[in-house]
Every structure is written in structure tokens, then in C-alpha cells.
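> test case, fold it:
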Amino acid sequence: MDNFECVTHSAEETESLGERLAPWLPPGTVVALHGELATGKTCLTRGMARYFTGDTPVHSPTFTLVNEYGRDRILYHLDLYRLGGPEELLTLGYEDIVETDGVCVIEWADRAEGLLPEERLDIYLEHVGGDTRRLRFVNRCLDEATWEALIRELGLHDRYTRPL
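Residues are numbered from 1 along each chain as shown. Next up, the predicted model:
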């Protein structure tokens, strides 16, 4: 398991990080986002979705629970904030979404306790102060070559640690 941390200083920087991360996510990747309210989960997802869609507006699917972005490659965006429990997720077709060739990003992933696939990319977001956020990436799915290239591409090789 490989890990790294980075810090962003604005919503725009968090979105940019998401957009630069997205091309490195192979089909079938599940990205589990963890963090309190307003830690940047939707900003990061908006950046990833921008990679899949161009300039199409991306909003948190809090009231619809699932949004789909892209044409050739699909990004599924799940927001589990209002979910009553993991069993409710199963009635939404969760297993079908997670097992697709698309990329699945799950906000409030802790609410899917026990249903997340073992092979996934966990991203923990937290407030550091003001608009600054710390993001900790825990790789449970990308092969070593892809992981190393991703870290270099994101310019994070100087903050790369194994394990945290």
C-alpha cells in the first residue's frame, strides 16, 4: 500500500488537482472520498469530472445521489451524505455502478461501510485553516508504475512517503 499527502490552498487548486488526477485512473477505479463538510470533496470531484466532460458544469449530487459525466469514458459521482445506511445504497444499483468500466467517485465513502471494494483509491481530506486543505492519498488499486508516474505528474514526488 502506497500513500502520499499534499496541501491545496484554494478551491481552484483542489479542482485542478482533481483534473490532473483523473487521466491516471484506469477504467473500473473506485475513488473513496473521506472528510467532514466543506473539506473539498466536491471540488476535487468537479476537477475529475472536468477531465471527462470538458466545461460541463458539475454539481454535488446530494439530492439525486448519483450523477454521470462523460461519453467515451464515464465518471460516476455518488454523494452519500443523505444516505440512511449501507443497505439503502444497494437499492440504488450501487454494485452495478462500482463494477463498471467507468471511474466511480464516492463522497462520504464512510457511509458505504462494508460495501467499498478492497481495491480502491482512498482520499482523506481535512481542513488545515482558511482555504487550505490537506489531502492524504492511500493507494489500494493502482500498480506501482502508474502510482509512481501519477506522483511525478502531480509534482508530489518530494512529499511522497511509503507508508504513512
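> alpha carbons only for contacts and neighbour counts from here, please
OK.
> so which residues of this structure form helices?
11-21, 41-53, 86-90, 94-98, 144-153 (DSSP state H).
> so where do the strands sit in this structure?
Assigned by DSSP state E, the chain shows strands spanning 2-8, 30-34, 66-69, 75-79, 103-107, 121-129, 132-139, 160-161.
> adding mean pLDDT and mean neighbour count, write those out as JSON lines.
Converted to JSON lines, the strands of the chain look like this (pLDDT from 0 to 100; neighbours: other CA atoms under 10 Å):
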{"stretch": "strand 2-8", "mean pLDDT": "87", "mean neighbour count": "18"}
{"stretch": "strand 30-34", "mean pLDDT": "96", "mean neighbour count": "25"}
{"stretch": "strand 66-69", "mean pLDDT": "82", "mean neighbour count": "18"}
{"stretch": "strand 75-79", "mean pLDDT": "90", "mean neighbour count": "25"}
{"stretch": "strand 103-107", "mean pLDDT": "94", "mean neighbour count": "26"}
{"stretch": "strand 121-129", "mean pLDDT": "95", "mean neighbour count": "19"}
{"stretch": "strand 132-139", "mean pLDDT": "94", "mean neighbour count": "20"}
{"stretch": "strand 160-161", "mean pLDDT": "44", "mean neighbour count": "14"}
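> out of these, the one nearest residue 50 is which?
strand 66-69 (8.6 Å; CA to CA).
> paired strands for the closest one, with orientation please.
strand 75-79 (antiparallel) (DSSP bridges).
> next, the angle strand 30-34 makes with the partner strand.
30 degrees (axes from the mean of the first three to the mean of the last three CA atoms, to 10 degrees).
> so strand 75-79 versus helix 41-53, what angle?
160 degrees.
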